[in-house]
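A.B. asks: From the sequence below, what's the structure:
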Amino acid sequence: MNISIKDRPIQKANQDQLKVSRYADALVNFILNSDTPITIGLQGEWGTGKTSMMYMLQEELLKQDVATSWVNTWEYSMFRGAKETTPAVLNGLLATLEESCGDKWTIKGETEQTMKKVGRFFGNIINQVSVNQLGVDVKAAVDSSGSAEGISRAEIAQVKSDISEIINKLINDKGNSYERVVFFVDDLDRINPVDAVEVLEALKNMFDMDHCIFVLAIDYDVVVKGLEGKFGKKTEENEREFRSFFDKIIQVPFTMPTGAYDIDYFLDEKLKGLGMNIPDSLKLLYLEVVKNSVGHNPRSLKRFINTFSLLNTIRKAENTAEESTNAEATEFMLFALLGIQISYPKIFRHLGMNHDYKSWHQAFAARLGLDWQIITDKVKEYGENLLVDEDWEKVVWGLCQSDAYLKSRAFSILELLNVLSDHFGESLEEVMQNALEFAAITSVDDSHESKQSIIKIGEKRIRFTGLDAKKQQLLDCKCNAVAVDLWYRIISKLDQNLSSIGSKINYAKSATTFYRWVNGKNGKDIQTIYCMNPGANNTGLKIDFYGYSDTFIKDVCAIAAGFGLSTNESEIMKAESWFEICPGFFMARPNPGSKNGLYGVVMITYDFSSALPREKTEGLVMALMDKMISKLS
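C.D. replies: Got it, this is the predicted structure:
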């Protein structure tokens with residue numbers, strides 16, 4: 001069984017898993033019946049299937065007894081200087097035409113000598129400057145004896161006439177049934193954009209003749225880059241000049257129909273080929289991940305699937321007891337996280353550092369340098385949009401605004417994160433934490449903080465077996481000793497009372513979480529405390545307390561008042577977002593739609609440690625812990 005898929009274009013229509021052969025059939029019909037000369041441009045970004053489409057066209061045209069030639073411009077550019085690429089490509093067009101025709105190549109006698117003369121011309125060119133002749137920078141040539149001669153316009157016209165003679169001889173010869181020649185020019189978007197433009201101009205000037213049809217694989221953005229030296233950066237004022245050049249070269253633009261690709265079938269077939277059968281109940285969710293991440297680019301999707309296969313193989317090899325009980329969930333989460341990692345590395349970085357994204361609120365935004373007021377004002381422009389009505393969604397939206405690509409994909413990112421939230425519910429954080437430990441293996445990120453957030457050593461996942469082991473890890477990581485001491489006093493109280501108040505304390509690499517019982521020990525458990533690892537330079541903690549009963553807000557207000565903080569329970573209950581008691585100390589009213597926040601939430605950030613004297617900040621946190629333990633006992 002294979003565990004990877006090849007990233008190669010298909011060469012036969014029966015290999016078409018994207019169901020685009022109907023477009024190929026239409027293009028073939030157009031090619032067979034169009035006037036000549038004409039140039040068709042297959043447009044699309046890297047990896048959208050342009051080469052595969054050309055192979056399907058060539059396959060069918062050969063059945064229709066059409067002469068074809070295929071040049072890969074990237075191959076002709078290898079180990080050549082920029083000014084050698086264009087004549088190499090032009091010479092290759094005729095050489096590969098002869099090769100493709102095989103026994104049907106009927107060029108003999110004088111025309112055969114003409115063919116050799118054209119080959120010598122292109123083979124001997126020294127690229128200098130002659131823009132007004134070929135459209136390429138050609139100024140001089142060296143004859144077969146090695147002497148340098150200037151090239152006149154008449155000589156260039158003669159070469160074009162010679163090429164026309166070769167094509168006409170091939171078409172008119174009764175020894176074959178050819179009526180037209182189709183030249184396929186591939187990978188123009190893989191060579192230097194300036195070189196690509198030179199090749200396009202040369203094709204237009206040298207091969208613009210009867211019986212010839214060109215099919216070019218090109219990305220309009222490459223043409224734009226190649227013309228910047230001539231027209232400057234593209235703007236609204238000069239865009240017409242760029243478009244006019246493109247239209248002069250390409251008479252029939254055809255944009256690759258990525259939106260019509262059958263990604264459902266493609267994904268299913270590729271995963272089956274790797275021995276993975278996605279349950280029917282999850283297929284739509286996998287497609288939602290693809291749609292909102294890598295999209296319909298076949299090459300990106302292949303890379304996505306190969307990476308997923310690698311990490312899933314590692315996950316299965318470890319096969320921990322914890323994983324085996326919920327492998328299906330971890331597998332899907334891993335797939336989703338890879339989609340985010342490949343498409344939105346900035347968002348993945350933040351998930352790696354704080355994967356409980358539903359707790360990303362106003363204070364979190366402030367730590368990221370985001371202006372909460374600007375965010376809330378901007379999202380109001382979308383009206384009643386369910387994708388930006390929660391605080392965490394506003395934070396994600398705000399994170400996207402400083403990056404042009406993320407800004408254009410902000411709602412796709414929010415769609416994807418909502419899919420995960422809706423599907424996993426209460427288990428979201430835990431499943432994400434499990435999957436992140438594998439997804440981080442393939443993350444390409446130069447952020448030291450994100451690299452340290454999730455670490456794997458050998459085959460053993462980092463899970464600390466107890467309070468003291470976790471404390472030692474914090475000290476080894478150079479966390480602030482004062483903050484570690486506060487963390488230890490808080491968590492040790494939970495640990496001492498665990499049997500009566502909750503189900504477990506998770507000591508993970510980046511955080512400590514406590515889960516309390518709901519409706520007694522026979523009920524489900526629910527996250528009640530989430531404490532990030534202490535920082536290196538701050539004596540405080542970042543810790544969230546989730547409410548335990550309908551008295552939670554009142555209890556917290558009373559504790560805060562005891563430490564001299566002014567609180568107003570009625571204002572907190574009216575606040576639509578986080579209510580700031582003092583810098584670094586926030587409260588949120590009960591949220592009936594949130595299982596964790598059903599009775600309200602207290603969020604304490606690192607800033608709280610510097611807002612009040614240390615004895616007050618630590619005393620308040622310990623008082624909150626004591627109250628929670630007493631209420632849960």
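A.B. asks: What are the structural domain limits within this protein?
C.D. replies: 20-109+153-258, 261-461, 467-632 (automatic domain parsing).
A.B. asks: lowest-confidence stretch among the ones you listed?
C.D. replies: Mean pLDDT per stretch puts domain 261-461 lowest among those, at a mean of 82.
A.B. asks: Export the domains of the chain to TSV and append columns for mean neighbour count.
C.D. replies: For glycine as for every other residue, the C-beta is placed from the backbone atoms N, C-alpha and C. Compiled in TSV, these are given as follows (neighbours: other Cβ atoms under 10 Å):
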stretch	mean neighbour count
domain 20-109+153-258	18
domain 261-461	17
domain 467-632	17
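A.B. asks: Save these as CSV, and put in distance to R8 too.
C.D. replies: As requested, those are exported to CSV (distance: least, Cβ to Cβ, whole Å):
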stretch, distance to R8
domain 20-109+153-258, 9
domain 261-461, 9
domain 467-632, 39
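A.B. asks: Tell me who's in contact with the residue most central in space within the chain.
C.D. replies: Closest residue to the average C-alpha location of the chain: S343 at 1.6 Å, with Cα atoms, centre = their mean. By Cβ atoms under 8 Å, 6 or more residues apart in numbering, the contact set of S343 is 293-295, 409.
A.B. asks: Most widely separated two among the residues you listed?
C.D. replies: Maximum pairwise distance in those, criterion Cβ to Cβ, is 11.1 Å, between V294 and R409.
A.B. asks: any idea how far the residue nearest to the centre of the chain lies from C101?
C.D. replies: 44 Å (Cβ to Cβ, to the nearest Å).
A.B. asks: same thing with L287?
C.D. replies: From L287 across to C101, the span is 44 Å (Cβ to Cβ).
A.B. asks: In a strand, M587, correct?
C.D. replies: Yes: under DSSP: H, G, I helix; E, B strand; the rest coil, M587 falls within a strand.
A.B. asks: how near is P613 to K160?
C.D. replies: Relative to K160, and taking Cβ to Cβ, P613 is found at 88 Å.
A.B. asks: Over to K631?
C.D. replies: 90 Å.
A.B. asks: check contacts around the nearest residue to A588 once chain neighbours are set aside.
C.D. replies: Of all residues not flanking A588 in the chain, V601 sits nearest, at 4.4 Å (Cβ to Cβ, 6 or more residues apart in numbering). Contacts for V601 (Cβ under 8 Å, 6+ apart) come out as 544-547, 587-588.
A.B. asks: What of Q472?
C.D. replies: Per Cβ under 8 Å, 6+ apart, neighbours of Q472: none.
A.B. asks: in what helix or strand does it lie?
C.D. replies: Per DSSP states H and E: Q472 is located in helix 467-476.
A.B. asks: Which helix or strand lies directly C-terminal to that helix?
C.D. replies: Moving toward the C-terminus from helix 467-476, the next helix or strand (DSSP H and E) is helix 481-501.
A.B. asks: contacts for the helix or strand following that following helix?
C.D. replies: Sequence-wise, the next helix or strand downstream of helix 481-501 (DSSP H and E) is strand 502-507. Contacting residues not belonging to strand 502-507 are listed as 430, 463-467, 469-470, 491, 494-495, 498, 512-517, 521, 525, 528, 632 [Cβ under 8 Å, 6+ apart].
A.B. asks: try 10 Å
C.D. replies: 429-430, 433, 462-467, 469-471, 473, 491, 494-495, 498, 512-518, 521, 523-530, 629, 632 (Cβ atoms under 10 Å, 6 or more residues apart in numbering).
A.B. asks: ok now the helix or strand K346 falls within, how far from the chain's centre?
C.D. replies: In the assignment (DSSP H and E), K346 maps to helix 345-353. Put simply, helix 345-353 sits 13 Å off its chain's centre (Cα atoms, centre = their mean, to the nearest Å).
A.B. asks: And for stretch 609-616?
C.D. replies: 43 Å.
A.B. asks: and if you look at stretch 287-294?
C.D. replies: 10 Å.
A.B. asks: Does G540 belong to a helix, a strand or coil?
C.D. replies: coil.
A.B. asks: How about T235?
C.D. replies: Following three-state DSSP, T235 is assigned to coil.
A.B. asks: where's it relative to G226, distance?
C.D. replies: According to Cβ to Cβ, T235 and G226 sit 17 Å apart.
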